[in-house]
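Chemist: Next one to model:
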Amino acid sequence: MFKGAMTAIVTPFTEKGNIDEGALRRLVEFQIKNKISGIVPCGTTGESPTLDYGEHEKVIEIVIDAAKGKVPVIAGTGSNSTREAVEMTRKAADAGADASLQVCPYYNKPTQEGLHRHFSEVANSVDNPIIIYNIHGRTGINMETATLARLAKEHSNIVGVKEASGNVAQMMDVISTLPKNFCVLSGDDNLTLPLMALGGKGVISVASNIVPKEMHDLAEFALNGNFEKATAIHYRLLPLFKGIFIETNPIPVKAALAMKGMIKEVYRLPLCEMKAENREKLRQILKDLKIV
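Modeler: Residues are numbered from 1 along each chain as shown. Below you'll find the model as predicted:
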């Protein structure tokens, strides 16, 4: 279930700052039409930190309904509160989510034992598959390979990890240590190809919000061992991979979608519009790639 290119989908807002259900449904349809392998609502790219609980549930429900079972929906339901993560994960499972994405608890910086207990509580609360999201740069804590291996051994529904540590040595350690059926997914578009060359199964992508077909093809070629074609796509899209992180994610990718006329460019504070010079750099990248 968890291989290939999966999209960490943005949450579009109306000009009044509410969830734009129509735009969200169209984004899901666009993703499915372009062969994406899965959709991940309410992740970092979905601005989950500024969604209230009701909105969080609503976004997941809309995506599940719009996907119509055509691709897996992996709901972002992690939290720095174990109790909240359990509650949101149960609700997403009840709504029909195929799996959940569980970010490492942020800000409170638990020990490795604390991480083990946190994810064990979540895993014990549902039967649904769980993908752990390791992103040290945002959470302030790193999931060590030994802790991940312990969790995978003890909980059959902990089936993968979204690796966004940026540490290729750690990614290799995870791939070589964890069972063959454990899914190691890239959390960085620009590291998708290197990770898959080392044995990773795919990516939870930001870029695929804009170029789902190209990201699908890159991952598919890599899965099939055609690294010549995968590499060609990687280098063609590399300026985009850099451009969509020219400012904090998801600011640039939402700006790019707005340039394509797919959403309104509305953010929740403390996120805000791009600097004018960065916007022009992004626009030029999109023009060069014939995206706009």
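
Chemist: So which bits of stretch 5-12 are buried?
Modeler: By 16 or more other Cβ atoms under 10 Å, the buried positions in stretch 5-12 come out as 5-12. No exception for glycine: its C-beta is placed from N, CA and C like everyone else's.

Chemist: tell me which of those residues is nearest to Leu51?
Modeler: Among the buried residues of stretch 5-12, Thr11 lies closest to Leu51 (Cβ to Cβ), at 6.8 Å.

Chemist: Go ahead and confirm the closest one touches Gly43.
Modeler: No. Using Cβ atoms under 8 Å, Thr11 makes no contact with Gly43, being 9.6 Å away.

Chemist: Show me what counts as buried in stretch 28-41.
Modeler: 28, 30-32, 34, 36-41.

Chemist: what's the closest residue in space to Pro194 that isn't next to it in sequence in contact with, if anything?
Modeler: Leaving aside its sequence neighbours, Pro194 sits nearest to Val168 (Cβ to Cβ, 6 or more residues apart in numbering; 6.5 Å). By Cβ atoms under 8 Å, 6 or more residues apart in numbering, the contact set of Val168 is 191, 194-195, 198.

Chemist: so how far is Cys42 from Ser205?
Modeler: For Ser205, the distance to Cys42 equals 16 Å [Cβ to Cβ, to the nearest Å].

Chemist: residue ranges of the helices in the stretch 1-150 of the chain, please?
Modeler: Using DSSP state H, counting those that start in this stretch, the helices of the stretch 1-150 of the chain run over 21-33, 53-67, 82-95, 112-125, 136-139, 145-154.

Chemist: worst average pLDDT in these?
Modeler: Among these, helix 136-139 carries the lowest mean pLDDT, at a mean of 89.

Chemist: quick one: contacts of it?
Modeler: Contacts with helix 136-139, where a contact means Cβ under 8 Å, 6+ apart, come from 44, 103-107, 109, 142, 164-167.

Chemist: repeat that with 7 Å
Modeler: Helix 136-139 has contacts (Cβ atoms under 7 Å, 6 or more residues apart in numbering) with 44, 103-106, 142, 165-166.

Chemist: By neighbours, which of these wins?
Modeler: Greatest neighbour count in the contacts of helix 136-139, by other Cβ atoms under 10 Å, goes to Cys104: 24 neighbours.

Chemist: Look up how far Asn80 lies from that residue.
Modeler: To Asn80, Cys104 is 9 Å away according to Cβ to Cβ.

Chemist: Then Ile131?
Modeler: Ile131 is 18 Å from Asn80, by Cβ to Cβ.

Chemist: How many neighbouring residues does Ala169 have?
Modeler: With other Cβ under 10 Å as criterion, Ala169 counts 8.

Chemist: returning to that earlier point: show me the buried residues of stretch 5-12 that map onto strands.
Modeler: Under the assignment DSSP state E, these contribute 5-8 to strands.

Chemist: Please tabulate the buried residues of stretch 5-12 in CSV, including the columns distance to Lys260 and pLDDT.
Modeler: Conversion of the buried residues of stretch 5-12 to CSV gives the following (distance: Cβ to Cβ, whole Å; pLDDT from 0 to 100):
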residue, distance to Lys260, pLDDT
Ala5, 18, 98
Met6, 20, 98
Thr7, 15, 98
Ala8, 17, 98
Ile9, 15, 98
Val10, 12, 98
Thr11, 17, 98
Pro12, 12, 98
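
Chemist: quick one: contacts for the residue nearest to Ala99 when sequence neighbours are not counted?
Modeler: Once flanking residues are discounted, Ala99 sits nearest to Pro129: 4.1 Å by Cβ to Cβ, 6+ apart. Residues counted as contacts of Pro129 (Cβ under 7 Å, 6+ apart) are 99, 157, 159.

Chemist: Off-centre distance for stretch 57-73?
Modeler: 15 Å (Cα atoms, centre = their mean, to the nearest Å).
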